[in-house]
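A.B. asks: Okay, predicted coordinates and the sequence, questions at the end:
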Amino acid sequence: MVKIAPSILSADFCTLGEDIRRVSDADWLHVDVMDGMFVPNISLGVPVVQSIRKHTDMFLDTHLMVEKPGRYVKAFAQAGADLLSVHLETDMPPAIHAALDEMETLGVKKGIALRPITSADAVLPYLKRGLDLILVMTVEPGFGGQSFMADQLSKITTIRQYIEQYCPTCDLEVDGGVNAETARQCVTAGANVLVAGSAIYGAANPASAIAALRG
């Protein structure tokens, strides 16, 4: 079954608690953490995740778009994140492996994320060790509301093949420009978790939008 993860980057932060309740039909809640360094935007941090955790039991899919993410794994895990994804472009491979090791020690699910420029083959050293999730960005990370990059569909298909070969339990997530149309393309290519921001929060009825994304 396809999992839907609304991105709170598209929510109204003045009424965040209410906006989270509006998407309670979804499977996960996607939390974008941006540091203004790896990406040009700044979003939210540990205190916001702590606050969210107090008001929902939804699965918190926390996407760290930050330089040297190993520095923050423990803090976000203790704040209540259920899964942490770190970008392969944010540090050297030994440090990424160390961050994944710490996630495992802390009992938080471990994921890696790829910018559009990063090749599918980059996941192999991490996938072979065991992962819970691979996140493929279908826009450049940093801002919501961008257009879907269809040239990433072949990458999704390749990574799905790698998952089936090396770690069949790993989820394959897509984030960026996902709507009712592009969602079908992503699922056909091999994704089973879809992140959507404006397609859900920009809809008059978020529950209907979530149902449409499920197909």
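C.D. replies: Arrived safely, thanks for sending.
A.B. asks: C-alpha from now on. contacts and neighbour counts both.
C.D. replies: Noted.
A.B. asks: The spatially most central residue of the chain sits in which helix or strand?
C.D. replies: Nearest to the mean C-alpha position of the chain, by CA atoms, centre = their mean, lies H63 at 4.9 Å. Using DSSP states H and E, H63 sits in strand 59-65.
A.B. asks: ok, residues contacting that strand?
C.D. replies: Surrounding strand 59-65, the residues in contact under the criterion CA atoms under 8 Å, 6 or more residues apart in numbering are 5, 27-35, 38-39, 80-87, 141-142.
A.B. asks: try it again with 6 Å
C.D. replies: Taking contacts as CA atoms under 6 Å, 6 or more residues apart in numbering, the residues outside strand 59-65 that touch it are 28-34, 81-86.
A.B. asks: quick one: which of those sit in strands?
C.D. replies: Using DSSP state E, the subset of these located in strands is W28, L29, H30, V31, D32, V33, M34, L83, L84, S85, V86.
A.B. asks: Pairing partners for the last one in the sheet, please.
C.D. replies: It stands for V86. Counting by DSSP bridges, V86 forms beta bridges with L64, I112.
A.B. asks: separation between it and M103?
C.D. replies: As judged by CA to CA, to the nearest Å, V86 and M103 stand 11 Å apart.
A.B. asks: These two: which has the busier surroundings?
C.D. replies: Taking other CA atoms under 10 Å, V86 and M103 do not tie; V86 has more neighbours (27 against 23).
A.B. asks: and that one, what does it touch?
C.D. replies: Listed by CA under 6 Å, 6+ apart, the contact set of V86 reads L64, I112, A113.
A.B. asks: Contact partners for the last one?
C.D. replies: In other words, A113. S85, V86, H87, I134, L135, V136 are the contacts of A113 under CA under 6 Å, 6+ apart.
A.B. asks: ok, back up a step: would you turn the ones in strands among the contacts of strand 59-65 into a markdown table with pLDDT and distance to Q152?
C.D. replies: Converted to a markdown table, these look like this (pLDDT from 0 to 100; distance: CA to CA, whole Å):
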| residue | pLDDT | distance to Q152 |
| --- | --- | --- |
| W28 | 98 | 23 |
| L29 | 98 | 23 |
| H30 | 97 | 20 |
| V31 | 97 | 22 |
| D32 | 95 | 20 |
| V33 | 96 | 22 |
| M34 | 93 | 22 |
| L83 | 98 | 23 |
| L84 | 98 | 22 |
| S85 | 98 | 19 |
| V86 | 98 | 19 |
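A.B. asks: hang on, the earlier thing: show the model's pLDDT score for the residue nearest to the centre of the chain.
C.D. replies: Looking at H63, its pLDDT reads 97.
A.B. asks: L133 versus that one, what's the distance?
C.D. replies: As judged by CA to CA, H63 and L133 stand 11 Å apart.
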